[in-house]
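*Asks:* show me the folded form of this:
(one chain, ligands or ions: 2)
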Amino acid sequence: MSRHVVVRTFERIDPEVAKGLAEQGASTVHEADGRRGAFRPELHPLQRGVRIAGAAVTVSCHPGDNLMIHAAVETVRPGDVVVVTTTSPSTDGMLGDLLATSLRAHGAVGVVMDAGVRDAAELRAMGFPVWTRAISPQGTVKASPGSVNVPVTICGQVVGPGDAVIADDDGIVVVPRDRAAGVLVAARQRTANEESKRARLAAGELGVDLYRLRPLLDRLGVEYR
Ligand SMILES: O=C([O-])CC(=O)C(=O)O
Ligand SMILES: [Mg+2]
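*Replies:* Ligands and ions are numbered 1, 2, ... in the order given. Predicted structure coming up:
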């Protein structure tokens, strides 16, 4: 039988790097990391216009059972993003305003939930950022073991404890801890580069000229009439 564990100590991304990644946002960070790390677009934000990034606290739960989210709370440090998955698919409302209040009290900046949440109105009113597969009143029990701060697979990506998780209106991206600082540098370069492109596009310059796409269109045999 595999052992269930709660890992209390692990290395996290630098908080300054997390702050920078939050400013850059999920899509830019994904591009800057060589188009890696994007979660399948199956989890949606409860709120609009919120961008977070932080070190992952990972939680693997039995479906319909939020015991391990409670067990995870004491491992949360200020700035962490709590990433929850279940060992088989579930849409049950595993987290609501009470658990969110507890996580926030320990400094969590948001939750990424591959299952359901409830108390949606209260979560929005308290301004606690949540990305989730479902909103459901379905209650859950506190009964089965699971693990906290072990690598988890969620929406096609592996997230380890302490990795950078970036979430906004576009979706969710993970960057492994050892790459996060370098990806931030690349993301800032990309943003600076986009500023000049935006100005040229706003002035009416064509993308086909800006990106030098005319030779490609010719090569592909696209005719202008
Ligand atoms: O208590 C639960 O199981 C989930 C919930 O509604 C809350 O956290 O408020
Ligand atoms: Mg509740």
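
*Asks:* need the mean per-residue confidence for the longest strand that the chain contains.
*Replies:* Criterion DSSP state E: the longest strand present in the chain is strand 52-61. The average pLDDT for strand 52-61 rounds to 98.

*Asks:* any part of that strand near ligand 1?
*Replies:* No. Interface with ligand 1: strand 52-61 contributes nothing (Cβ under 6 Å from any ligand atom), its closest point being 11.4 Å away. Bear in mind the C-beta positions are built from the backbone N, C-alpha and C, glycine included.

*Asks:* quick one: name whatever helix or strand follows the longest helix anywhere in the chain.
*Replies:* Using DSSP state H, we find that the single longest helix of the chain is helix 180-202. Counting by DSSP states H and E, the next helix or strand C-terminal to helix 180-202 is helix 207-210.

*Asks:* now do that following helix: everything it contacts.
*Replies:* 197, 200-201, 213-214, 217 (Cβ atoms under 8 Å, 6 or more residues apart in numbering).

*Asks:* now do that helix, average pLDDT.
*Replies:* Helix 207-210 comes out with an average pLDDT of 96.

*Asks:* so how far is that helix from its chain's centroid?
*Replies:* A distance of 32 Å separates the centroid of the chain from that of helix 207-210, by Cα atoms, centre = their mean, to the nearest Å.

*Asks:* likewise for stretch 57-68?
*Replies:* 17 Å.

*Asks:* next: stretch 165-174.
*Replies:* On Cα atoms, centre = their mean, the centre of stretch 165-174 falls 4 Å from the chain's centre.
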